[in-house]
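[1] Here is a sequence together with a model predicted from it:
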Amino acid sequence: MTPTRHLVLGMILTGAAGFVDAIGFIELGGFFTSFMSGNTTQGGAALVQGGWPVVALTLSLVGLFFLGSVVGNLLALSSLGWGPAAVSGFVAIGVAVALAFVLAGFDSTRCMLVLALAAGAQNAILPMRGAVRLGATFVTGTLYIAGQDLALGLKGKVPRWRWIQHLAIWLGLFGGAVVGALLYRLVGVEALGLPVVVYTAFMVGHIVAARRDRRTPI
């Protein structure tokens, strides 16, 4: 089982991803900044129909998400102690840059592309704890594992209630998307300021933890 503290942190991060993706989805007119399966399907259908602008947009989102995952993992692997702080900072800066560009009057669609870069990197912030993938920006696999663990739990092969932890991560994404859509309705794209605060808080927390671990004698 995943410790409660780590599970809550994972839910918060996944919630932030849902928050950002909901705003990106609205601004992009039905495309995603973190759900690359949906973008890939829409891009493939548009290719057959000759919808070249949609193909270009979806491939750009997929490419930037992939690039973000590379950068995020390179940062995470750069230092055992400081890596997570670097990834959190990179994601916070990415979301802040997208927001700043929109507020400066740049084309909203192009600004939202930066969110895909940040979303790809976010998946490297937290490692898996127990059987649960924490802080991910996607939950399709998480839902499948929840069902798998429920089946295994009924057979007595894994802890009986472990499937609920996977479901909690899905709930984090759902809740974040709901809150993001609500705040977008109230204040517009400025709502992205909230996830910037969340990612910055994670960065500060990782910095504090890294400094503490460095001072702890082996």
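    The structure has been received and is ready for your questions.
[2] Phi first, then psi, for the most centrally placed residue in the chain.
    Nearest to the geometric centre of the chain sits T137, at 3.0 Å (CA atoms, centre = their mean). With angles defined as degrees, to the nearest 10, T137 sits at phi -100, psi 10.
[3] so what's it up against?
    14, 17, 21, 34-35, 119-120, 122-123 (CB atoms under 8 Å, 6 or more residues apart in numbering). C-beta here means a position set from N, CA and C on the backbone, and glycine is covered the same way.
[4] Now do L74 against A17, distance only.
    To A17, L74 is 20 Å away according to CB to CB, to the nearest Å.
[5] Compare the two (neighbour count), which wins?
    Looking at L74 and A17 with other CB atoms under 10 Å, you find the greater number of neighbours at A17, namely 31 against 15.
[6] Packing partners of the one helix or strand that one maps to?
    Under the criterion of DSSP states H and E, A17 resides in helix 4-27. For helix 4-27, the elements it packs on are helix 108-122, helix 162-187, helix 193-215, judged by 3 or more CB pairs under 8 Å, 6 or more residues apart in numbering; DSSP states H and E.
[7] sorry, back to before: out of the contacts of T137, which one sits closest to A85?
    Closest approach to A85 among these (CB to CB): Q122, at 13.5 Å.
[8] now that closest one, nearest residue through space, not along the chain?
    Nearest residue to Q122, sequence neighbours excluded (CB to CB, 6 or more residues apart in numbering): V91, at 4.9 Å.
[9] Show me what counts as buried in the helix or strand hosting that neighbour.
    Element membership of V91, judged by DSSP H and E, is helix 83-103. Of all the residues in helix 83-103, those buried under the rule 16 or more other CB atoms under 10 Å are 83-99, 101-102.
[10] Residues contacting the helix-or-strand element of the chain with minimal mean pLDDT, please?
    When each helix and strand of the chain is scored by mean pLDDT, DSSP states H and E, helix 193-215 comes last, with a mean of 92. With contact meaning CB under 8 Å, 6+ apart, helix 193-215 is reached by 9, 12-13, 16, 19-20, 79, 81-82, 84-85, 88-89, 91-92, 95-96, 99, 122, 125, 183.
[11] Tell me which residues touch Q148, please.
    Here Q148 is in contact with W163 (criterion: CB under 8 Å, 6+ apart).
[12] Look up how far M11 lies from it.
    In terms of CB to CB, Q148 sits 20 Å off from M11.
[13] isn't I23 right up against G188?
    No. Applying CB atoms under 8 Å, one finds I23 not in contact with G188, separated by 9.0 Å.
[14] ok, V189 - how many residues close by?
    Neighbour number of V189 under other CB under 10 Å is 18.
[15] need the contact list for it.
    For V189, counting by CB under 8 Å, 6+ apart, the contacting residues are 23, 27, 99, 102-103, 108.
[16] Next, it: secondary structure please.
    The local conformation at V189, judged by DSSP: H, G, I helix; E, B strand; the rest coil, is helix.
[17] That one and V97: what is the separation?
    13 Å.
[18] Next: L74.
    Counting by CB to CB - L74 and V97 are separated by 19 Å.
[19] shaky segments in this structure?
    128, 215-218 (pLDDT under 70).
[20] got a list of what P84 touches?
    Here P84 is in contact with 76, 125-126, 202, 206, 210 (CB under 8 Å, 6+ apart).
[21] do L173 as well
    L173 neighbours (CB under 8 Å, 6+ apart): 14-15, 17-18, 139.
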